[in-house]
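Q: Could you look at this predicted model? Sequence included:
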Amino acid sequence: MKYDLLGNIIIPKDIKNFRIPYMGSKNKIAVNLLKEMLKVKPNAKYFYDLCGGGGSMSFTASQLGLKTHYNELQTSLVKFIDYIFNRLEKGLKGQYGLFPDDFYNFIDRDEFMKLKNEDSIKGQFARICYTFGNNQKSYLFGDIEKTKHLAHDIVMFRCEKSLKQLNSLLKTNIKTSNLTTWNKRRLDFMKQVKDRKYKELEQLERLERLEQLQRLVQLEQLQQLEQLQPIFTTSSLSYKDVKINTPIDETIIYLDPPYRNTAKYIEGKDFNYKELDQWFVDNKYTCFMSEYNAPHKVLFEIDKDSLFNSSKEKRRVVKEKLYINQ
């Protein structure tokens, strides 16, 4: 950990915004939150992320040089992160990127319904890349599934048959991209759709809905994990069962539980906030918690975008709060 002459943490310029796409992700504010925690705990060497979710805080903390432990109750998500670490360690890659080749095929609604409840790596992959708002429950596409499928095959596999069908269906003249990577082709496809002007309102609306290839955006976020250098330890326990025995003055404990009065992450699992609050207050370590409305001392506030669906009209800014138990 490096500090300037005023004692402020120096954030490396090459820090990466790694994360698993996940509901309530902290990827855009992870650095800000960690800077505030390190002001309180300037001698910190250890970081315990007890409700790890998509791992944004753990990925960022480990890049800052903290010995990081990621814990998440959802076992399939921990297995998924361990699976990625294992592939990186062994140098395993498919022809399209980090995952086996079949992961890059489009998952339609029927296949998703079979995969969504599977305790498997492919099932967790489907819940990450093919759910509405990363809620891990609802299939991402509605009546535009067919056009999204065609667009996916055009971008990923340069499928001429799909390109012909899409142009016929939407009365467009989108061209095949010869760019070398599927992510570059994704950006080119979006640009082609955005740049074209169409007179028929219905056609324009359909194209605007097609422009954002959400599934490929999420897949690209996963692909960025190929650049991972820091590897942290993991566990799949209740936050209160994680064993912590590092020095108190060198340890940061962070919790990002499902927020009160908001959508639940996993069906059938209720969170005991009364128990959490008591554990938080009684803990001998310095603990921090992200929330909107918790009965604890507010250390820091920051604005954060809240996105309920893919429509820009539904985007709003919320006040994210960082609480401390001291």
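A: Structure's in. What do you need? Numbering: from 1, shown residues only.

Q: show me where pLDDT drops low in the stretch 51-200 of the chain?
A: 196-200 (pLDDT under 70).

Q: which residues of it fall in strands?
A: Chain-ordered strands for the stretch 51-200 of the chain, with DSSP state E, counting those that start in this stretch as the definition, fall at 67-71.

Q: Tell me who's in contact with Gln95.
A: Asp101 (C-beta atoms under 8 Å, 6 or more residues apart in numbering). (Glycine included, C-beta is placed from N, CA and C.)

Q: For it, which phi and psi angles does the backbone take?
A: Backbone geometry at Gln95, expressed as degrees, to the nearest 10, gives phi -70, psi -20.

Q: spatially speaking, which residue is in the middle of this protein?
A: In the chain, the centroid-proximal residue (C-alpha atoms, centre = their mean) is Pro21; its distance is 2.2 Å.

Q: Report the separation between that residue and Phe280.
A: 28 Å (C-beta to C-beta, to the nearest Å).

Q: Same question for Leu187.
A: Distance from Leu187 to Phe280, by C-beta to C-beta: 43 Å.

Q: Which one of these two is surrounded by more residues?
A: With neighbours defined as other C-beta atoms under 10 Å, Leu187 and Phe280 compare such that Phe280 has more, 23 against 16.

Q: Now do the same contact list for that one.
A: Contacts of Phe280 (C-beta under 8 Å, 6+ apart): 255, 287, 289, 296, 323, 325.

Q: what's the answer for Ile107, then?
A: 115, 126, 129-130.

Q: sorry, back to before: put together CSV for the contacts of Phe280, with secondary structure, neighbour count and distance to Leu216 on each row.
A: As requested, those are exported to CSV (DSSP: H, G, I helix; E, B strand; the rest coil; neighbours: other C-beta atoms under 10 Å; distance: C-beta to C-beta, whole Å):
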residue, secondary structure, neighbour count, distance to Leu216
Leu255, strand, 23, 32
Cys287, strand, 24, 38
Met289, strand, 22, 34
His296, coil, 18, 40
Tyr323, strand, 19, 36
Asn325, coil, 20, 41
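
Q: Tell me which two in those are the farthest apart.
A: Leu255 and His296 (10.7 Å; C-beta to C-beta).

Q: Domain map for the protein?
A: 30-74+236-324, 101-218 (automatic domain parsing).

Q: Alpha carbons of stretch 50-64, as PDB, please.
A: The C-alpha coordinates for stretch 50-64 follow below in PDB (Å, rounded to 0.1, in the frame of the first residue of the first chain):
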ATOM      1  CA  LEU A  50     -18.200 -11.200   3.800                       C
ATOM      2  CA  CYS A  51     -21.100 -10.800   1.400                       C
ATOM      3  CA  GLY A  52     -19.000 -10.800  -1.700                       C
ATOM      4  CA  GLY A  53     -21.600 -11.000  -4.500                       C
ATOM      5  CA  GLY A  54     -20.000 -10.200  -7.800                       C
ATOM      6  CA  GLY A  55     -16.600  -9.700  -6.300                       C
ATOM      7  CA  SER A  56     -16.000  -6.000  -7.200                       C
ATOM      8  CA  MET A  57     -14.700  -5.100  -3.700                       C
ATOM      9  CA  SER A  58     -12.500  -8.200  -3.500                       C
ATOM     10  CA  PHE A  59     -11.000  -7.700  -6.900                       C
ATOM     11  CA  THR A  60     -10.300  -4.100  -6.100                       C
ATOM     12  CA  ALA A  61      -8.900  -4.700  -2.600                       C
ATOM     13  CA  SER A  62      -6.500  -7.400  -3.900                       C
ATOM     14  CA  GLN A  63      -5.200  -5.000  -6.600                       C
ATOM     15  CA  LEU A  64      -4.500  -2.500  -3.900                       C
END
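
Q: Distance from that stretch to the middle of the chain?
A: 11 Å (C-alpha atoms, centre = their mean, to the nearest Å).

Q: Over to stretch 59-75?
A: That offset, for stretch 59-75, works out to 14 Å (C-alpha atoms, centre = their mean).

Q: Would you mark the buried spots in stretch 177-187?
A: 177, 182-183, 185-187 (16 or more other C-beta atoms under 10 Å).

Q: can you tell me how far Asp282 sits from Asn134?
A: On the measure of C-beta to C-beta, Asp282 and Asn134 end up 32 Å apart.

Q: Pick out whichever of the two has more residues nearby.
A: Using other C-beta under 10 Å as the criterion, Asp282 and Asn134 rank with Asn134 on top: 21 against 9.

Q: Can you verify my assumption that the more buried one contacts Asn27?
A: No. Contact between Asn134 and Asn27 fails when scored by C-beta atoms under 8 Å: they sit 11.6 Å apart.
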